[in-house]
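Asks: here you go, sequence then predicted model.
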Amino acid sequence: MVERKESQGLQKFDAIVKTVEAETGAEGRTQYHITMEPIGIEITGATGVLHEWIPMSATATEDSIPQGSVLDRYLSQVEICIDEAEKAKTVEKALKLMVGKKFTFKKMKLGKDFDGHKAREYAVPVAVLA
């Protein structure tokens, strides 16, 4: 029988953002793949880091995103943490400002429950650490 491992289920953690990369995700849409190295927590997965994927909606572009979308809500939190992010001309430039910085992340729902499916929780930066 194949062993099933339970998720570490981190609801709040401190981490250093290692990478932010734009990738092609489901249905050919762009998504941002963010890797984070947690501080004081050992990750038992193969990569040893935490991963988050923030999707772009179908109508979003690099310099224009719909208000209320998952990406808009995530980017708003980044802008609260990093003043320069608000001045960035593209989504990718704003998100890449996170690389190398330490944050407290908290799991938060950024979307809405829909058609009986619960909205997904994302690891969202809530504070920059010195």
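Replies: Perfect, I can see it now.
Asks: for the rest of this, base every contact and every neighbour count on C-alpha atoms.
Replies: Fine.
Asks: what is the subsequent helix or strand relative to the longest strand along the chain?
Replies: Ranked by number of residues, the top strand in the chain under DSSP state E is strand 12-24. Scanning forward in sequence from strand 12-24 by DSSP states H and E, the next helix or strand is strand 30-38.
Asks: now do the same contact list for the residue nearest the centre of the chain.
Replies: In the chain, the C-alpha nearest the mean C-alpha coordinate belongs to residue 52, at 4.7 Å (CA atoms, centre = their mean). Residues counted as contacts of residue 52 (CA atoms under 8 Å, 6 or more residues apart in numbering) are 32, 33, 34, 35, 122, 123.
Asks: isn't residue 99 up against residue 33?
Replies: No: between residue 99 and residue 33 there is no contact under CA atoms under 8 Å: 11.9 Å.
Asks: any residues in contact with both of these two?
Replies: With CA under 8 Å, 6+ apart as the test, residue 99 and residue 33 both reach 19, 20.
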